[in-house]
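S.K.: need coordinates for the below:
(one chain, ligands or ions: 1)
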Amino acid sequence: MRYGLPPRGSPANADRLHYQRDMPSFQDPPRLFNAYEADPLLREYLFRHLGGGSLAEVEPELRHLGELAVTQLLELQQTDRLSEPRHSPFDAWGRRVDRIELTPLWRCAAQLSARHGLVAVPYERRWGALSRVIQLALLHVIEPSLDVYSCPLAMSDGAARTLLDLGNADLVARAVPRLTSRDPASVWTSGQWMTERTGGSDVGRAETVARRTPDGWRLYGSKWFCSAITAEMALALARPEGNPPGGRGLALFYLEMRDAEGGMNGILVHRLKDKLGTRKLPTAEVGLEGARAVPVAGLVDGVKNIASMLNVTRLWNAVCSAAGMQRALALARDYARRREAFGEPLAAKPLHADTLAGLEAEREGAFLLAFRAAELLGQREAGEASATDLAALRAVTPLAKLTTGKQAVAVASEALECFGGAGYVEDTGLPRLLRDAQVLPVWEGTTNVLALDLLRALSAEGAMEAMANEIQRPVRAARDPSLRPAAEAALRALEHAQVWMGCSGSIGKTEPRSSSGASTGALEAGARRFALTLGRALEVALLCEHAQTCLDAAQGGRAAAAARRLARHGVDLIQDELSPEDAHLLAVDGA
Ligand code: MFK
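M.R.: All right, here's what the predicted structure looks like:
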């Protein structure tokens, strides 16, 4: 189908017809093709991991979703472009109701995602340790057409995982079957209520209080970013009265939005946020005025207890980053074949082709990194992860989130540029790609917060060794001489990262210390460069491994070209010494 059609008979269409009569020629809009069929990397990857038999079982659903993504859903996304969720605090007679009206596509996405088990698949575990990979492959093909309905799905998945991990039997029995239901009529979604005015990254500063009353716990305070406020339940952090400050003094609570009579559970929706992107997603500021809640696992360690949820939503974030890149590139590539400039299609222009090739290399690396994190989580959930795998999962999750989030914004920005002015015009539907990408490095932990999280994760015993193994194993698989330079770039970057962290030789046991003997402050200042170096090294390594299997199966040299190209973009970003001059850059007056 054609991308960018305005609704028939709308004023926009009338304008367009008038415009067309006066103009000598028109631009051919980009077209999208089946999101599964037209993604060779996804197909190769799934074949490599599932083999022909299991892939044949899951392929009809991938094809179906891949088709929906570029037909009805895309059409709805485009015709529905301007609608946004609406909050009605009161009914016509002044009663407080806090009704949220969702967009048509969101209502459709809720049904569709339940029916296709976008949350359920890893809990049904039909494909064993690969169930996560299959769930996220389904997500990958459909996500760019869901208008960020992926957000409530990610949080619901994270809530189910957290409740199961923490093992509160009553809450598991009540919520998990609903969160993982395939029945659109009874399925639940969950919110994740952490952020307060006092802190988004520094969650430990939360001021919401939990008070024990004769009829159970009640929460008082406010939450500042409650995404997908239409959820039926939420996991929230609050400080039981008398607890100490900081993350350890918080406890994790389960609450439901409505009471048994259907009224609000002591929860007020103050307003919806007016955001740069994710505009279909109703994100609310919420007041808690005695909301009934149940402690999930004790009365302390809330931050630690919600970590399972964060790790799942961070994985979703990485897959959504990869999926968004694929959508932006599919549009840009198709447009390059249609759009002529200076006498030939853009695709025939060496500089334009070079730009697209570079973007494709970035997206292939991002895809493989995100799915590596999925493989590891799937192994853990199936009880098949070794201690090394678990350490790798702890590190690869923030690594995948932070690396792919940055790539998603860069690729969306470049892809828009591939359309010239059209990429800057709203009714092409293209600017949304960039706006929605911009949230990916922000929520669920910013790049810097995750870089610090990675440093901490890697300082645990055996963790850096597990990380090193993640990079060395796929590199070893890449035997073809044409892959060696890229594979060696990944290894060199890893070695530099190990030396920089002071881990070379006595991995994991040393206190983090830079190779220059720098202070913890210097280590912290370099954390982002260190993390992105490991992220890119792992992407190149995984691409080399994938390329080798493609070469072995005579599937062509695309993946090998992507590996070489990604390596040429630069892997090692670490700076051994911080320049004392940097202090000048921090001074507002330049002194
Ligand atoms: C498309 C996908 C859609 C995604 C949906 C998004 C919608 C939701 C929108 C939002 O809600 S955005 C808000 C998300 N907020 C964050 O992601 C918070 C970012 N900040 C952090 O991650 C900080 O690092 C952190 C809050 C965890 C720091 O808090 P603390 O109080 O300083 O905790 P600390 O001391 O670092 O960690 C406490 C314990 O938790 C430690 O364990 P121990 O007590 O045993 O030492 C940590 O090791 C553990 N921990 C922390 N992060 C962990 C973790 N364990 C496992 N995995 C982690 N990621």
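
S.K.: only C-alpha atoms from now on, for both contacts and neighbour counts.
M.R.: OK.

S.K.: just the mean pLDDT for the helix or strand containing Leu393, thanks.
M.R.: Assigned by DSSP states H and E, Leu393 falls within helix 387-417. Mean pLDDT, helix 387-417: 98.

S.K.: after it, next one along is what?
M.R.: helix 431-437.

S.K.: pLDDT of that next one, averaged?
M.R.: Rounded mean pLDDT across helix 431-437 is 98.

S.K.: packing partners for that helix?
M.R.: Applying 3 or more CA pairs under 8 Å, 6 or more residues apart in numbering; DSSP states H and E, we find helix 431-437 packed against helix 302-338, helix 387-417.

S.K.: export the ones you listed to a markdown table and tack on distance to the ligand and mean neighbour count?
M.R.: What follows is the helices and strands packed on helix 431-437, written out as a markdown table (distance: least, CA to the nearest ligand atom, whole Å; neighbours: other CA atoms under 10 Å):
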| stretch | distance to the ligand | mean neighbour count |
| --- | --- | --- |
| helix 302-338 | 3 | 24 |
| helix 387-417 | 6 | 25 |
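
S.K.: re earlier: other SSEs contacting the helix holding Leu393?
M.R.: helix 302-338, helix 350-381, helix 431-437, helix 447-458, helix 463-477, helix 527-552.

S.K.: just the ones you listed: most buried one?
M.R.: helix 527-552 (a mean of 26; mean count of other CA atoms under 10 Å).

S.K.: so it, near the ligand or not?
M.R.: No. Shown here: helix 527-552 not in contact with the ligand (CA under 6 Å from any ligand atom), separated by at least 13.3 Å.

S.K.: what's downstream of that helix, the next helix or strand?
M.R.: Downstream of helix 527-552 (by DSSP H and E), the next one is helix 558-569.

S.K.: buried residues, that following helix. List them.
M.R.: Arg558, Ala559, Ala560, Ala561, Ala562, Ala563, Arg564, Arg565, Leu566, Ala567 (16 or more other CA atoms under 10 Å).

S.K.: of those residues, which is the nearest to Glu488?
M.R.: Top of the list for closeness to Glu488, among these and by CA to CA, is Ala567 at 9.4 Å.

S.K.: before we move on, the earlier item: what's the angle from the helix holding Leu393 to helix 447-458?
M.R.: Using axes from the mean of the first three to the mean of the last three CA atoms, to 10 degrees, the direction of helix 387-417 lies 160 degrees away from that of helix 447-458.

S.K.: coming back round to it: what's the closest of the helices and strands packed on helix 387-417 to Ala92?
M.R.: That would be helix 431-437 among the helices and strands packed on helix 387-417, by CA to CA, at 34.2 Å.

S.K.: CA atoms only for that closest one, dumped as PDB, please.
M.R.: The C-alpha coordinates for helix 431-437 follow below in PDB (Å, rounded to 0.1, in the frame of the first residue of the first chain):
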ATOM      1  CA  PRO A 431       8.500  13.300  11.500                       C
ATOM      2  CA  ARG A 432       6.700  11.000  14.000                       C
ATOM      3  CA  LEU A 433       9.500   8.500  13.500                       C
ATOM      4  CA  LEU A 434      12.000  10.900  14.900                       C
ATOM      5  CA  ARG A 435       9.800  12.100  17.800                       C
ATOM      6  CA  ASP A 436       9.000   8.600  18.900                       C
ATOM      7  CA  ALA A 437      12.600   7.500  18.600                       C
END
